[in-house]
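Dropping a prediction and its sequence here:
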Amino acid sequence: MHQLARSFLLAAAIAVACWFGCSATAPKTTESEAARPPSPKSVACADLAARPPAGVAISEAAPDDDPPSCKVTGVIDGSIGFELLLPEAWNGKFMMGGGGGFVGSVQNAAMHEGLVGGTALARGYATAGTDTGHTASGLDASWALNNPRAQEDFAHRSLHRTAEVSKQIIADHYVGELERSYFVGCSRGGGHALMLAQRYPDDFDGIISAAPAFDWPGMVAEFLRNQQAVFPDPKAVTSPVITDDNRELLAEGLRQSCDALDGVADGVLTDPRRCRFDPARLPICAGAAAPDCLTRAQLAAIQVVYADTVAGGDRLYPGLPFGGEADAGGWDQWVTRVEPTPAPDMPNLHFAFGVQFARYFVFADPDWSYQNFDFTGWRQRTARQAELLNATGLELHRFRSRGGKLILWHGWSDSALPATRSIEYYESVERRDPKLRSYFALYMLPGVGHCVGGPGADRADWIATLEQWVEQGVAPNDLVASKVDAKGATLFERRLCRYPQVAQYDGKGDVNAASSYACAAP
């Protein structure tokens, strides 16, 4: 049990890193990767700096190790920082990775093994990431103040330009044609993934979008509405209305009510929508707050977090589904936590991202406060931001018509972004396009937190799945996901089912083996 807990903590730390920006450190080269022969070169690594593409200043082009590669760094159009890694043993393909939060440093989710099941560089891909056009902390949006160019770069332009530039450098460096191009991102990067499929459908042949932040005004309304309930006074953020004891009480109530609905009592809800748990049935404190009961104020705040965000009759965003209440990297990190704070005067990440976005994108007022703010008219007030930043478009026919393939996955226990919003998007596209399953697949991951983490099986080989679909025409069906410990040892496996199917236990096999589960209609 202690080993499992340690793996959850590790995964939660990874999830934080991916929101702020996934590490671009490559893993050790495996024997099979080392055996791949070096690719012939047209322009040597050291000579790339002398012949940059138009609008690009290359600051470094130098050999790197493990695996042997050429690292190219520079700036595009005077503001977009990028890094491109060119492996010695190139597989003929390119994979770009997205970033997290407000980005602000060069980030590349394709280099995060936990997100994609083995890094792009280790597989022989040329791979790139970008800072999206500004330099700042991933929690800081002050760069956006009255700066429409920086906002546009962050919204989408930096991704397109980095892809263009990377492909040009790849063409200069290697002998041979670029065969395929892919993109992978989670959180902000997941939103960028959808944006690329909608706005730049010719840039990538295959796209992986995980836990996407793709409806900015909606999610920010939810973030701020939650903070109004948890920290009614944004200047007094030392004592959240929802306490750690409350979260444990909620988790225990859910365990007793719903854990075994899927036939396995493992702390994971296969589909939280089936759970009919009501927090109001928990003990209510007769007097002062206590660990084993909820005060009326605490219950009211909890109900806000679970409820849809509605203002003036307008539904802005879904509430959080059940799951993640007491998980490391769950509600504590996103909704309630006070210590350690992500940044000064920011008790949790919903607070941080919600306040920063409102101040610098919406109101252009560094002193704006959510206290007593009324969200009536929010959609109209944020129409410009929605047009710029949202990737909610339902027309994917251009991406489909050129043979593009899209995989979207979301963890059910994501406490950052409600998984139901991804389902809503997928089903909206499906109503528009009856050919959807030929190019768009959705997977819901039970018990998985934001990008990674949580008690569920959070690791699958998404890159191989996408490659098979794009390159061999093998459409994805059910997959196998695993939970690993800090040393990489597998703790258990689960079957992942293509939505709307769910995994059902056979009632007799090893509950830790994926072979004991089959995909079926819910």
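Alright, I've got the coordinates.

Start and end of stretch 116-130, how far apart?
Across stretch 116-130, the terminal residues are separated by 18 Å (CA to CA, to the nearest Å).

Let me see the domain layout of the protein.
Structural domains assigned to the chain are 2-214+391-520, 218-388, following automatic domain parsing.

How far away from the center of its chain is the first one?
In this case it means domain 2-214+391-520. 9 Å (CA atoms, centre = their mean, to the nearest Å).

Then the shortest one?
Taking the mean C-alpha point of domain 218-388 and that of its whole chain, the gap between them comes to 18 Å (CA atoms, centre = their mean).

okay, the domains of the chain, which one's buried deepest?
Ranked by mean neighbour count, those are led by domain 2-214+391-520 with a mean of 20 (mean count of other CB atoms under 10 Å). Quick note: C-beta positions are derived from backbone N, CA and C, even for glycine.

got the contact list for stretch 163-173?
41-43, 45, 48, 51-53, 55-56, 70, 72, 76, 82, 84, 86, 94, 96, 126, 128, 178, 181, 183, 196, 200, 203-204 (CB atoms under 8 Å, 6 or more residues apart in numbering).

Sitting in strands, which of those residues do you find?
When DSSP state E is applied, the contacts of stretch 163-173 are split such that 56, 70, 72, 76, 82, 84, 86, 94, 96, 126, 128, 181, 183 fall in strands.

Contact partners for the last one?
Neighbour list for residue 183: 95-98, 159, 163, 192-193, 196, 203-204, 206-208 [criterion: CB under 8 Å, 6+ apart].

let's see 10 Å
94-98, 109-110, 128, 159, 163, 189, 192-193, 195-197, 200, 203-209, 406, 466 (CB atoms under 10 Å, 6 or more residues apart in numbering).

Next: the fourth one.
Residues touching residue 76, when contacts are defined by CB under 10 Å, 6+ apart, comprise 52-58, 82, 130, 133, 153, 157-158, 161-162, 164-166.

what do you get for residue 95?
Contacts of residue 95 by CB under 10 Å, 6+ apart are 108-111, 116, 119-121, 123-128, 166, 180-184, 204, 206, 208, 463, 466-467.

what about 7 Å?
With contacts defined as CB atoms under 7 Å, 6 or more residues apart in numbering, the neighbours of residue 95 are 110, 120, 125, 127, 182, 184.

Go ahead and confirm residue 349 touches residue 342.
Yes - look at residue 349 against residue 342 with CB atoms under 7 Å: they come within range, at 5.8 Å.

re the thing from before, output the domains of the chain as CSV; include the columns mean pLDDT.
Formatted as CSV, the domains of the chain follow (pLDDT from 0 to 100):
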stretch, mean pLDDT
domain 2-214+391-520, 91
domain 218-388, 97
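
Please enumerate the strands of the stretch 401-522 of the chain.
Remark: strands assigned in the stretch 401-522 of the chain by DSSP state E, counting those that start in this stretch are 405-411, 440-445, 479-484, 490-496, 502-505, 517-520.

Please name the strands paired to the first one in the sheet, noting orientation.
The reference is to strand 405-411. Paired with strand 405-411 in the same sheet, following DSSP bridges, are strand 206-210 (parallel), strand 440-445 (parallel).

who wins for proximity to residue 512 among those strands?
strand 440-445 (16.5 Å; CB to CB).

Next, the angle from that closest one to strand 479-484.
40 degrees (axes from the mean of the first three to the mean of the last three CA atoms, to 10 degrees).

In CSV, could you pull the C-alpha coordinates for strand 440-445?
Extracted in CSV, the C-alpha atoms of strand 440-445 (Å, rounded to 0.1, in the frame of the first residue of the first chain):
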residue,chain,number,x,y,z
PHE,A,440,-11.6,10.9,-34.0
ALA,A,441,-11.3,8.7,-31.0
LEU,A,442,-12.1,9.5,-27.3
TYR,A,443,-10.9,7.6,-24.3
MET,A,444,-11.9,8.3,-20.7
LEU,A,445,-9.4,7.1,-18.1
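
Can you tell me what sits against it?
Contacts for strand 440-445 (CB under 7 Å, 6+ apart): 396, 406-412, 419, 426, 429, 456, 458, 476, 481, 496, 498-499.

Of the strands paired with strand 405-411, which is nearest residue 503?
strand 440-445 (10.0 Å).

Phi and psi next, for residue 215.
Phi and psi for residue 215, reported as degrees, to the nearest 10, are phi -130, psi 80.

so where do the helices sit in the stretch 351-500 of the chain?
378-381, 383-389, 397-401, 419-432, 462-472 (DSSP state H, counting those that start in this stretch).

for the ones you listed, which one sits closest to residue 248?
helix 419-432 (22.3 Å).

So what angle separates the directions of the closest one and strand 206-210?
Using the same axes, to 10 degrees: helix 419-432 against strand 206-210 is 140 degrees.

Residue numbering should commence at 45 henceforth.
With 45 as the first residue, the last one maps to helix 463-476.

list the helices and strands helix 463-476 packs on?
strand 449-455, strand 484-489 (3 or more CB pairs under 7 Å, 6 or more residues apart in numbering; DSSP states H and E).

Now do the shortest one and helix 506-516, the angle between them.
Strand 484-489 and helix 506-516 are oriented at 160 degrees to each other (the same axes, to 10 degrees).

now swap in the longest one and tell me
Between the axis of strand 449-455 and that of helix 506-516 there is an angle of 160 degrees, by the same axes, to 10 degrees.

What lies in contact with strand 449-455?
241, 250-255, 463, 466, 470, 483-489, 492-494, 498, 500, 502, 506, 509-510, 513-514, 520.

Kindly recompute the last result at 6 Å.
241, 250-255, 463, 466, 483-487, 489, 492-493, 510, 513-514 (CB atoms under 6 Å, 6 or more residues apart in numbering).

pull the CA atoms of it into PDB?
Extracted C-alpha coordinates of strand 449-455, given in PDB (Å, rounded to 0.1, in the frame of the first residue of the first chain):
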ATOM      1  CA  LYS A 449      -6.400  11.400 -37.100                       C
ATOM      2  CA  LEU A 450      -7.200  12.700 -33.600                       C
ATOM      3  CA  ILE A 451      -7.100  11.000 -30.300                       C
ATOM      4  CA  LEU A 452      -8.600  12.800 -27.300                       C
ATOM      5  CA  TRP A 453      -8.200  11.400 -23.800                       C
ATOM      6  CA  HIS A 454      -9.200  12.700 -20.400                       C
ATOM      7  CA  GLY A 455      -8.800  11.400 -16.800                       C
END
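
about what we covered before: which of the contacts of residue 120 fall within helices?
Judged by DSSP state H, the subset of those located in helices is 202, 205, 206, 208, 209, 210.

Looking at the residues you listed, which one is closest to residue 276?
residue 202 (37.1 Å).

quick one: that closest one from residue 211, how far?
Distance of residue 202 to residue 211, computed by CB to CB, to the nearest Å: 15 Å.
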